[in-house]
Structure formats: C-alpha cells, structure tokens
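**Student:** Here you go, sequence then predicted model.
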Amino acid sequence: MVSQTETRLNAFDVLYERRSTRTFVKGRQIPEDIAGKILDSARYAPPTPTGEYPWRIMAVKDDSTKQLIAACAEEVARTMFGGSYESFKEHLWYMPEDPRLRVAEYSITGELWRYPEDCDMLTIPCLLKSDWSCGLGGILRTPEQVAPYLGFASQNMWLTGAVYGVGAGYNAMPQVDVRRREIAASYLGVPHSWDPTGGFAFGYSPNVRASGPSRPPLEAVV
C-alpha cells in the first residue's frame, strides 16, 4: 500500500491527472511488489454498512484469458456501434470535429476494446449477483445497491497504479452481453453466484496521453 506520506503528496495530482489507458506495451511486466500493492489496495475499500465485501477480484496473466476477454469486448462493441458513423458519433459529442471521425473508425470496428490482450495484469472484478440477506436483521441488498463498493475497490487499484506509473483501463464491454459474460465466467471458473463485470487491465502505456480528461469540465460544456 502507498505510504501515508506518499499518498498526501500525490493524491490530488493522481485524481486529476490519471487517464484511461487503452494501449499497452505488450510484454513489459509490472514488478511484483507494485502489482501486489495495486491488488492490496482494493482491501482498503469500505465494506457495506453491515460489514460485507460483496465483491471479489481475480488476477490473471495468461494470454489465452486476455485474448478471450479482448475478443468478447470487440464483438460486443462492433454489435453496439458498428451500424454507422452517424449512429455512433453522438457518443463523441465532447471531441473536436477533426479527430472525431478517426476515433469513430476504430471504435465501430471494435478494435479499440481489444486492449486487454496487450496488458500485463488483467483483473476480473466480480460482483455478487441476485438479492441476498445479511445477518439476523434480514437486510436485503440488490446488485445495484452493492455495486458502488466494487467501484471503491476498483478506484483504489486504479489510483495506486497511477502513483507508480502503471496505466489502467476498465473494459466493461464483455459484461454488456449476457452470453459472452457467461462464456467468460465458465472459462474462468467463476461461481454462478458471482458476476464478472469486465476486464480491468493494468500495464505500461507506450506514451503519455497528451490530452486532458476525455470530457471537458462543466463550464466548458455550458
């Protein structure tokens, strides 16, 4: 885990300067101690009010799993966005006109979402699905209620990686399609009571993203 001193010095910089990484240097490995800190940081996410941690995170490094997740993501993205540029361009409302067509070209083919296959460490965040009851009080929670707690854990991992110069990208495309989500779960041996939410990729980017946040601040939109 990042030391308290280091966290104080870097927290706001990391929050405002981190970027989603969608290209990785294939074969460049994250040192084991840093990978361990990234994974360990998830444990510092808050539990639910009744003390449960309704999420689990798998970490895989084999190429076959990365390629499966990448292929599922590509297929889903192509199905969702591949109709035409006209139907997709509304998703890029925040971008200047000049690069919009270029970005749309590799987005609607699904190529953009293949990046998990090139990362070094692919994590699979899983969320406990269906309603469930905790303790004698009979507290009932749904996936929508507990999902934010997985979000806290994932955010911790992302920020910890950013402190050490490790890029991260959360690819939710495989989770969008039920059939492909089940294929991934079966391949990974995930129990039926848990839902894999996608592929959370970690690795080193070949270059630093020169652009700022992908969406402008509210005052710029207004």
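**Tutor:** Nice, thanks for sending it over.
**Student:** Identify the bridge partners of the residue nearest the centre of the chain.
**Tutor:** Centroid check for the chain by Cα atoms, centre = their mean gives Tyr170 as the closest residue, at 1.6 Å. Counting by DSSP bridges, Tyr170 is bridged to Phe200.
**Student:** gap between it and Thr197?
**Tutor:** Distance of Tyr170 to Thr197, computed by Cβ to Cβ, to the nearest Å: 8 Å. To be clear about C-beta, it is placed using only N, CA and C from the backbone, and glycine gets the same treatment.
**Student:** Show me the strands in the protein, by range?
**Tutor:** Taking DSSP state E to define them, one finds strands in the chain at 55-60, 121-128, 132-134, 139-141, 167-171, 194-196, 199-203.
**Student:** rank those strands by pLDDT, which is bottom?
**Tutor:** Across the strands of the chain, strand 132-134 has the smallest mean pLDDT, namely a mean of 52.
**Student:** and Phe152, what does it touch?
**Tutor:** Ala45, Pro46 (Cβ atoms under 8 Å, 6 or more residues apart in numbering).
**Student:** Look up how far Glu52 lies from it.
**Tutor:** Per Cβ to Cβ, Phe152 is found 13 Å from Glu52.
**Student:** Leu159 now?
**Tutor:** Relative to Glu52, Leu159 is positioned 23 Å away (Cβ to Cβ).
**Student:** and if you look at Pro31?
**Tutor:** 32 Å.
**Student:** Tell me which of the two has more neighbours.
**Tutor:** Neighbour totals were compared for Pro31 and Glu52, and Glu52 leads with 16 against 10 (other Cβ atoms under 10 Å).
**Student:** any idea of the pLDDT on the more buried one?
**Tutor:** Confidence for Glu52, expressed as pLDDT, is 81.
**Student:** Burial check on Arg43, number of neighbours?
**Tutor:** Neighbours around Arg43, by other Cβ under 10 Å: 11.
**Student:** The closest residue to it other than its chain neighbours: what's it in contact with?
**Tutor:** Counting by Cβ to Cβ, 6 or more residues apart in numbering, Arg43 lies nearest to Ala153, which is 7.9 Å off, once chain neighbours are set aside. By Cβ under 8 Å, 6+ apart, the residues touching Ala153 are Ala42, Arg43, Ala45, Trp55, Ile57, Pro125.
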